[in-house]
Every structure is written in C-alpha cells, then in structure tokens.
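> Coordinates only, no sequence provided:
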Ligand SMILES: Nc1ncnc2c1ncn2[C@@H]1O[C@H](COP(=O)(O)OP(=O)(O)OP(=O)(O)O)[C@@H](O)[C@H]1O
Ligand SMILES: [Mg+2]
C-alpha cells in the first residue's frame, strides 16, 4: 500500500533530510514513525502526499508512482490520503463545521452528503457542541480533533497523522489516540 | 444537483468573499476598467456618428452629366435611354441651359444682392441622375459615370468623387485607430486586472494551499479567481457604459435640436447594441485572460517546490 525505495530528499544544498529511506506499510497496519526533532518525520509524510519532491528513489502509494505524478493529477493521490498536519492548518475564518465540510466541498460531494458526513465526523471526535466556534476559540486539543475530523471525513484508505499528540498532555493524548 | 454547477456555485461564493476582503483593490480595478472602456466607448461614438454622417451624405450623392452645347436630339435620346435601361438609376432630371443660368443667377443674387448679366449663357445643360440605395452605391455610380462619360455629346460628369474617397480613407484610418486603441487598452487592462487578482490570490494563500493539500483539482482552486476577473470586467464595463448612456441621453435631450439645425436629418447616435454587447464581452474576456494568467503563474510557482 505504501512503499519507499531508497528515497533521498535534500532541502537546498545541505545534508539530506531523507537519506536512502526504504519502508513498506501494508493495508490495515498501524505504524508509528519516531525520531528526534529534525529527523525528517514530517518530510517523509510530505513526500508521501506529493507536497515535496525528492531527488532519488521511488515512492508508491496505492499503486500510484508519486514521483511521476504531474500537478494536474495530484488530487487523485491526495484524495486517498487524509492528513493531520503538525500545525493543523485549520482555516481561521471558517467555523469548525465549515472547516470539516470544506474537505468535502473540495472533492465535489453533494450538499446533503456533506452535511450528514460532517455531523457524523464531528460526533466521532466529540465536537458537535463546538461546531459553530472559530478555531481561534478552541483549545489545542479541540483544534487537533477538528483536524482529525477533517482528515477522516472523506473516509480515505490512508491516514497520515503528523505528531497527533505532540503538543498535548497525556490525558488528552490517550483520548485522541482512541479516535484512530 | 449537478456537480459542475455546484463547483461553480462554491467558486462564486469564494469570489464574493474575495471581493469583500479586498474591496478597495476591487473598486480601484473596476474604476480603471471603467475609464478604459469609457475611452474606447467615446471613440466608438465618434466613429459611429462620423460613419452615420458618411452614410447619409452618400445617399445624397448624385451624378451630374454636363452636355455639349451642340448635342443633337438623337444623342440626347440615346442618353435618356441609357438612364432608363439602368436598373440602378432611380430618377433623372433634365436641367436646360436656361434653367441652369436662371438658377445660378438666382443664387448669386441671393448671396451678393447683385444682378448678374454677361449677355450670353456660359453654363451647359445637364442631367441630374439619382441612384437607388444599395450596398455598393458609390462603385455603381462611378462605373455608370465612366460609361456615360464616353458617350458622344457628353462634356463631363461629376459626382464628388475625390471628396468621397478621401472621407472613406479617413474612415478606414479611424477604424485602424480604434482597433489600435482597443488593443492597447486591452493590454493595459490585462496587466492591471492580473495584478489585482494576484493580490487576491496572495490574500488567500493559506486556503489555496490547504485546498490543494486535501485533494482539490487545480481547476477547482482557480475557479473563484477566474470568476473574480470576469466579475471585474463585467462590473467595470457595465458601470462605464451605463454612465455613458446616462450622459448621452442627457446631452441628446438638451442638444438634439441644435444638432439637427447644423446637420439636417442627422441623428446623434449612441453605440449600437451589438457593439455594446461586444464591449461588455471584451471586458469580461479580458478579465478572464488576466485572471487566468495570474492563477496559471501562481500554480507554476507552487508546483516548482
Ligand atoms: N521547507 C524546508 N526548507 C528547508 N529545510 C527544511 C524544510 N523543511 C524541513 N527542513 C529541514 O529538514 C529536516 C527535517 O525536517 P522535518 O520537518 O522533516 O523534521 P521532523 O522530524 O518532522 O521534526 P519535528 O519533530 O521537529 O517536527 C530539518 O533539518 C529541517 O530543518
Ligand atoms: Mg515534524
């Protein structure tokens, strides 16, 4: 399902962020990627959903050769991946509900389905009471749960979570991990 | 609901949000478009009215065939038969030597108040030939004039040829001038609108980035900005043409009487409807092209990471 073959990624001219990385993840696997800050965890994820190029090696996701994908077809790859970004990337002028609905508008679902699925996703992360709040008025954990709801709402076959509990205390961390 | 239509609707909502967020640049852009379209419109009005003048003037053109003094009745009959046989001739009027001289003296007397008498009549007899209205009336007249010229008994023919061809050349020049101005203004507008759209894009960079990250097609991302460019073109041109229309009707109601006294039968015209629509269409097209350039450029930059 996800395969990396000897991937090398350099930012600029310095030492590579990814140096000869190979890995294989099968369907249904739940994999943790750990390492110190700056080790290249985020970089691997970015390579997987085609946000960063890489200099050498091959990346296969869902049978798609990521390195060969042009900009016009990138959405086919990204629609099969739900990403929870390290900085959440919530739109600050949209409410919680709108943020989650937005991920579906982008993929051109019809309105009724969007409403229904958004409700469902917010219920799963326990955020229905906050559906009309703006992200700025949410706690860190709540923001993270919005990001999770958004990543899962389209039910993609792959979920990439970049430090889903990174900034949170243990109690909330456990609560969030239960969501996966 | 049709999904393409829904994408457009979502795009349009985003467009409205863009416009709200960048109201000032939007208004400045619209004002610039209005002024440019206004300049083009004024030139068009001038052009139309000159053209209308030419057309009404053309219709008054007639051929005058001057006759030799010693023309025989048979030759005259021959000429009259030629006039009658031509399908393009509407009517003919014979002006005898005496009539011509009398008319001339009358008009001179009116002008200078003096009686005029040479003791002999220097003016030739003539035919005034009027032609039916048709598309290539002037060419028909000049063809016919050439034919008549070579008949015996005809001294000369006259129909204001030089004046007409000069005027027509001027109208060709006007047309070229209009097109050049239009092209130049369009080019300027493209630069200005694409710049506003670029600002609009930058103000929504985060959202665009997110859209692409969660699987939006490039087209979906571009739609709001393309619509914004087209909206600018539409608003700018309608504003400008609407304003010009109001000014036109005001001027017309105030001055139509005096215009008519200067040039009889002439109507002070506005831009004709097809041209109005083309101006709006042109403006919308310019908006589309300009915003396309901006979005294309931005996407190129994004993809180069
Ligand atoms: N856009 C970028 N431009 C230049 N260098 C970058 C960029 N992004 C990351 N890097 C560098 O690449 C290396 C790996 O970064 P990455 O973000 O993948 O680390 P990480 O493992 O996710 O760290 P953290 O746990 O702090 O999030 C770092 O040395 C970082 O400085
Ligand atoms: Mg990271």
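Yes, it's here. Every value quoted in this text rests on a predicted model; they were computed, and no experiment measured them. Numbering: from 1, shown residues only, chains lettered A, B, ... in the order given. Ligands and ions are numbered 1, 2, ... in the order given.
> list the contacts for residue B:164?
B:58, B:61, B:138 (Cβ atoms under 8 Å, 6 or more residues apart in numbering or on different chains). Using the backbone N, CA and C atoms, a C-beta is placed for each residue, glycine as well.
> Mind doing that once more with 7 Å?
With contacts defined as Cβ atoms under 7 Å, 6 or more residues apart in numbering or on different chains, residue B:164 is in contact with B:61, B:138.
> What pLDDT is listed against residue A:87?
Predicted confidence (pLDDT) for residue A:87: 89.
> tell me the phi and psi of it?
With angles defined as degrees, to the nearest 10, residue A:87 sits at phi -100, psi 20.
> gap between the two ends of stretch A:23-41?
End-to-end distance for stretch A:23-41: 13 Å, by Cα to Cα, to the nearest Å.
> Run the chain-centre distance for that stretch.
When C-alpha coordinates are averaged (Cα atoms, centre = their mean, to the nearest Å), stretch A:23-41 and its chain have centres 13 Å apart.
> Flag every buried residue along it.
For stretch A:23-41, burial by neighbour count (16 or more other Cβ atoms under 10 Å in any protein chain shown) applies to A:25, A:33, A:40-41.
> ok, is it in contact with ligand 1 or not?
Yes: interface with ligand 1: stretch A:23-41 contributes A:35, A:37-41 (Cβ under 6 Å from any ligand atom).
> Spatially central residue (nearest the centroid) of chain A, please.
residue A:83 (0.9 Å; Cα atoms, centre = their mean).
> which stretches of the stretch 101-250 of chain B aren't confidently modelled?
Residue ranges of the stretch 101-250 of chain B with pLDDT under 70: B:113-116.
> Tell me which stretches of it form strands.
B:126-131, B:154-158 (DSSP state E, counting those that start in this stretch).
> Residues of chain A that sit close to chain B?
A:51-53, A:71-72, A:75, A:78-79, A:83, A:89, A:91, A:103, A:105-108, A:110-111 (Cβ under 7 Å from any Cβ of the partner chain).
> quick one: contacts for residue B:65?
B:126-127, B:129, B:148, B:154, B:157.
> brain fart, residue B:96
Residue B:96 neighbours (Cβ under 7 Å, 6+ apart): residue B:125.
> picking that back up, quick check: bridge partners of the residue nearest to the centre of chain A?
residue A:160 (DSSP bridges).
> For it, give me its contacts.
A:49, A:151, A:160, B:213.
> Please identify which of these is nearest to ligand 1.
residue A:160 (12.1 Å; Cβ to the nearest ligand atom).
> was I right about that closest one contacting residue A:46?
No: Residue A:160 lies out of contact with residue A:46 (Cβ atoms under 7 Å); the separation is 9.4 Å.
> Kindly confirm my reading that residue A:7 forms part of a helix.
No: checked against DSSP: H, G, I helix; E, B strand; the rest coil, residue A:7 lies outside a helix; its state is strand.
> how many neighbours does it have?
Using other Cβ atoms under 10 Å in any protein chain shown, residue A:7 is surrounded by 24 other residues.
> Surely it and residue A:59 touch.
Yes: using Cβ under 7 Å, residue A:7 is in contact with residue A:59, at 6.2 Å.
> Sweet, I'm off.
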